[in-house]
Each structure stands twice: as structure tokens, then as C-alpha cells.
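**Student:** output the structure for:
(chains A and B)
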Amino acid sequence: MQAKLPSDPMNPTRWRRLSRWLDTLLELGAAERERHLARLAHRAPALADELRSALAAQRQVSQAHFLEGGALCGAVPSLRGRKVGRCTVERLIGSGPNGEVWLARYSGSTGTRRVALKLWNRTSSAVCDVQRLTTGALKLSRLRHPNIVPLLDGGVWSNRPYVVMEYMTGFPIDTWCDARSLSIGARIALFMEVVDAVEYAHAKAVVHGNLKPANIMVTADGCVKVMDLGIVRMLEPMRSQTCAVLSDAARLVFAPTYAAPEQFQGGALTPGADVYALGTLLYALLVGAHPICGPFAAGSAPRKASKAALQISQDIAASRGCTPQQLAHELRGGLDRIIAKASKYRLHERYGNVEAFAKRLRPYAGGAPLEDHRGITGWLLRRLLPRDTTSQRVLTVLEPVRPTVQKDFADGQ
Amino acid sequence: MVSDPIIQPLIDAANGGSCTARQRLFEALYGELHRLARRQLAQIRAPMSATTLLHETYLNLSARSDVVFPDRARFMAYAARAMRGVVIDCVRQHYAQKRGGNFEFTSIDAADSVPSWTGNELSDISDALDALATVEPELAELVDLKFFCGLSVDEIAGIRRMSSRTVHRDWEKARIYLYGAMKE
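**Tutor:** Purely as a prediction, here's the structure:
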């Protein structure tokens, strides 16, 4: 469809009116949107036409990945065929502000296998300590758990830190849950696998430090895979003492939104930080919104889950197979308190360890057994996530952005 | 650390709505971004990413006792606008092959890489953004942060204390606007 925007889209008055309507329309599904426009067309046909044009433009913009790659995009230098440690690079999987993820072949002692190679940018504050990275990676590679993506290797290449991990595809846990409209019980059941993995890592003295949906993938067969375990701590010592202080200040700006308050304040990274992240993550999975007031409002306590439950939208509830009232009811009087305790602002007010959190949470796990969905997964995801039909979103770790046409081209795709 | 007492009053005046002060604040931040990028190149002889540069500028300025930003979101908006100019300069410079005198970004340092946007195209986007900024400044800021500075939707949501969903919707609106404006 050829999009035709109003002759003067710059006209401020006209744009402001369009903008307000777009706020509403962009939140709706196709059918609902059409109903709105049809109603509007009766009393304001010109406005309805303009909105249709704007929405057609939006489809084009989206299909063309307009501006998606960034001003400097198309410019990730191809590493195809290059040797990075024991890896031979094949193609770019994704890139973000901190670096890139490449698909590569890894020659290990047991033969060659496909791996994901995560390569960080050179940064001024990171002084690459090869010894530390290699031993750190070795320690992490000893973690063996069905819900943890195995780390194979790590080191420094061309002044850039890298880690090598098993290559697998999947969807971030939040996308996965929403795509299948999983009930609260089923979400918690899935979430328990994350908790298991973190509990196991803590027993091995490894703190994750960067738990977030993008780091928790669900594979096509419904298995949870936690990535990037311990990477935060492994990279942290590379910074000098002053930089460590500065980097904590920096996190105020570029905060991973699930990180615990003490992580911004230069405090030590303890298992309690993972408890916090698990609490906020569960909140996001269940309520469909991030408790953004948490880590960002310095000195303020995170928003109470019970209060937030009152603001649940129809959409959010529907994607959990219930009404807002039912969802609020399910969250009240137990779950909200567990989440609130896990995500307490002060470390000592949280659960003492993941085990204690898991114990309180476990009774709430349930709902449709996941096995029921296996097998139709691909079909479901294709139906529900049409944008990802050709390539499943690949397991990437660096705030992945969709590789653009230009990048694929540059990479010889 | 170089003290630049000029920045604080500029921030105050810019927050008070003064256009001249805002313009001068952009210029000051622009200078700061350039200075840091050059120092970076001199120190480790390696290019840096736009995000890192923005990041370091914030650290540098906030470490000075005489500079107090009202909030991070405000700083990011100002600095991101300045960063837009730096990025455009850098792309122009890359095409002009005048290398060595200034600096490069990580993503365009390799000889075999070509940025997908030319300096002129980026200038057109920049003009359209300036127009958008007069109507819905937060949409223009969002494009600066995401497109020019390379921040992710989640990061921007964090800075603005909004849901990622809202940021995503604003991003779609900004793209609709720019697409229309660029087609003219």
C-alpha cells in the first residue's frame, strides 16, 4: 500500500491532533483499530483518512526498519572468516551499543560446534585483563544446569573482551509468556526454572548480576535458559578503582532496569541483588509492566504490587486469560507480598536467599502444564508473532537490536 | 579535570526557557563531546561508541562540583541533541576521508565499513527533527537518544521512568512524522 501522508504533516496543530489519536490507535489490535476508525469516519471523515494514512506509513516504516539501525548503523565491520580465540566467525546475529553477537564455529577438544560469540566494544574504562577473563570464563564454564546456557570460553581479542557460549534460539521469557497467553500459575511455573538456575549458581558462588527478560530465553521446546551468569562480575574487575566508582554512577544513566539499588551505589554484588532482580522480573511477568519506580527513584521504595494491580489494563489481563479483577484478585493477599519482599529497596529487608524466596513462591506455580503446548509452539509463535516468522529472534545478550537489511548485506547475507 | 563554570548557569537558564541559553548549552556540550572523543583517541588510539561517549560526558560533567543537572533525563535530552551534531560531523568526516585529525566511532573505524547514512541524509533527518522538536519535543529527544546515541528502548524507558511500551509507541509516532517529513 502506498502511504500518503497529509500534504503538510509539519503543521503543528494537525500533527498534535494526529498524535493524540495515534496514542490510542497504536495500542489497539487491527480489528479494534478498524472499529475505532469506522466510528470516527462518520463524524470526522478527513481526520479518519489522515489517521489511516499515518497508520499505513507506520506499516511501511516498520517493514523497512526505518531508522531502526541507528545513525552509525550498517557499519559493524564484518568479522566473517576471522579467528577469535578458538572461534571462526560466520555471521552477525545481533548488535547493540555495547558490542556484537556473532555466530561462529568453535573448535574444542570434542570437535567443532556452532556457538554464539559475544564480543564487547573496546571501551576506555575497560582495561582488558586477559588472565582474569580466561580464569573467570573457566570457572563459569564449570556450571552445569539444564536451565543455564553453557559458557565455553572467554578471553580478549583485539582489545575486546569476549565470551563463547552454546548457540541456541528462543524468545525472551516475557515475549514467550505473552505470545501464549500463559496464566499466572503457568508463568510462575516457568519462572521457577529461572529460580532453580539462579539457586544452583548461588550454591556454586556465582551471582548473576544482570537478570532481565533479554537474558532469559525460552527455547522452542519450552525449556528456560538463563544466559550471562556471572558475566557482570567477570567484567567488573577489568575497571580500575576510580572507574569502578564512576561506572556505578554511570549505571544511574544506563541502568539495567532490573538491577538492585545497591548495584548503583557501589555496593558489593551479593546474591541479594539477584533476589531483587527475580522479584522485579516476576512482577513484570505477572503484571505486564516494569516497577520502574524501583531502582530509579533514589531513596524511594518500589511501588507496591497490590497498588499496581489496580491499574491492570484489559489487554494485560486478557493475555493472562482473565479479567483485570481476576488478575488483581490472584495477585493480592500473597503473591504481591512475596514480590514486595523480594524487591525491597534495602538489601537486609529482602529474602535472605533465593531458596527462601523459592519456598514461598512454589505453592503458586501451576496452571496448564507446559507439555500441553509443546509441539504446537512453532505454530503458535508464527501466528502470534508474525514479525518473527522468517527468523526466530536469536539468543543475543547485548540489548539486541534486529539486524538490519544493511547489516545483513554488509555481512554477505 | 577542566572546570567549565559556564555550563551550570546555562543549564539553569535553559531550564528557565531561554532559547539563547539552550543554544549555548548545546554548543558547550557539543564541545565537551568532541574534546572527550579526541582525548580518547589520543589515550588509547581506539575509536569509541556513541553510547560510551555520551556516558563519559555525563560522568565527566557530573564529577565537577560546579555542574548540577536537575535530573538525568534532562541532561540526556540536552547531551543527545549535541551528540546528533557530533555523529553527523563524524559521518561527514568519514566520507571526506579526513582521518587522523579528529576521531572516529567504533562502528565506522574499519576501512571496509560504510555507514548506511550519508552526512546529507543525516542533516535532512536533523532538520526534520528540529521541526518535530517545536511540536513534540519529547519525540525528537527520543530519536536523538535512540537513533543518534544508540540507546535501547528499555534504557530510554529507564531514563524517562516510562514503560517500554510507551517509549515504543512514541518511537513509532516519531518515525511516522519523520517518514512524512522526509518524503516531502
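**Student:** and the nearest residue to residue A:323 once chain neighbours are set aside, how close does it get to chain B?
**Tutor:** Once flanking residues are discounted, residue A:323 sits nearest to residue A:317: 5.4 Å by CB to CB, 6 or more residues apart in numbering or on different chains. All C-beta atoms are positioned from the backbone trio N, CA, C, and that covers glycine. To chain B, residue A:317 is 15 Å away according to CB to the nearest CB, to the nearest Å.
**Student:** in this structure residue A:317 contacts residue A:330, no?
**Tutor:** No - in this structure residue A:317 lies outside contact range of residue A:330 using CB atoms under 8 Å: 10.0 Å.
**Student:** is stretch A:48-67 positioned near chain B?
**Tutor:** Yes - against chain B, stretch A:48-67 shows contacts by CB under 8 Å from any CB of the partner chain at A:54, A:57, A:58, A:60, A:61, A:62, A:66, A:67.
**Student:** the second one: neighbouring residues, count only.
**Tutor:** The criterion is other CB atoms under 10 Å in any protein chain shown. On that basis, residue A:57 has 25 neighbouring residues.
**Student:** surely it is within a helix?
**Tutor:** Yes - Residue A:57: assigned to a helix according to DSSP: H, G, I helix; E, B strand; the rest coil.
**Student:** pretty sure it contacts residue B:176?
**Tutor:** Yes - counting by CB under 8 Å, residue A:57 touches residue B:176, with 5.1 Å between them.
**Student:** please flag which of the residues of stretch A:48-67 next to chain B sit within strands.
**Tutor:** In strands, judged by DSSP state E, none of these are found.
**Student:** pLDDT added to those, as a markdown table?
**Tutor:** Conversion of the residues of stretch A:48-67 next to chain B to a markdown table gives the following (pLDDT from 0 to 100):
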| residue | pLDDT |
| --- | --- |
| A:54 | 90 |
| A:57 | 87 |
| A:58 | 89 |
| A:60 | 83 |
| A:61 | 82 |
| A:62 | 80 |
| A:66 | 81 |
| A:67 | 84 |
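**Student:** who wins for neighbours among those residues?
**Tutor:** residue A:54 (27 neighbours).
**Student:** and the residues of stretch A:48-67 next to chain B, which of them are in helices?
**Tutor:** Applying DSSP state H to the residues of stretch A:48-67 next to chain B, the entries found in helices are A:54, A:57, A:58, A:60, A:61, A:62.
**Student:** quick one: contacts for the nearest residue in space to the first one that is not next to it in sequence?
**Tutor:** If I follow you right, that is residue A:54. Nearest residue to residue A:54, sequence neighbours excluded (CB to CB, 6+ apart): residue B:176, at 5.3 Å. By CB atoms under 8 Å, 6 or more residues apart in numbering or on different chains, the contact list for residue B:176 reads A:5, A:22, A:54, A:57, A:58, A:61.
**Student:** and the residues you listed, which is closest to chain B?
**Tutor:** Chain B lies nearest to residue A:5 out of the contacts of residue B:176, by CB to the nearest CB, at 3.7 Å.
**Student:** picking up where we left off before, now, among the contacts of residue B:176, which is nearest to residue B:170?
**Tutor:** Closest approach between the contacts of residue B:176 and residue B:170, by CB to CB: residue A:22, at 9.6 Å.
**Student:** output the contacting helices and strands for the helix or strand encompassing that closest one.
**Tutor:** Using DSSP states H and E, residue A:22 sits within helix A:12-25. Packing partners of helix A:12-25 (3 or more CB pairs under 8 Å, 6 or more residues apart in numbering or on different chains; DSSP states H and E): helix A:30-43, helix A:45-63, helix B:119-135, helix B:164-183.
**Student:** domain-wise, how is chain A divided?
**Tutor:** A:12-63, A:83-169+A:395-410, A:171-388 (automatic domain parsing).
**Student:** for the ones you listed, which one sits closest to residue B:75?
**Tutor:** With CB to CB as the measure, domain A:171-388 is the member of the domains of chain A nearest residue B:75 (8.1 Å).
**Student:** which residues touch the closest residue to residue A:206 other than its chain neighbours?
**Tutor:** Spatially, and ignoring its direct neighbours in sequence, residue A:206 is nearest to residue A:230 (4.4 Å; CB to CB, 6+ apart). Under the criterion of CB under 8 Å, 6+ apart, the contact list for residue A:230 reads A:136, A:139, A:140, A:143, A:201, A:206, A:207, A:208, A:209.
**Student:** low-confidence ranges in chain A?
**Tutor:** For chain A, residues meeting the criterion pLDDT under 70 lie at A:1-10, A:73-77, A:95-98, A:121-129, A:236-257, A:264-266, A:289-313, A:367-413.
**Student:** rerun at 50
**Tutor:** A:1-6, A:74, A:124-127, A:238-256, A:292-310, A:368-413 (pLDDT under 50).
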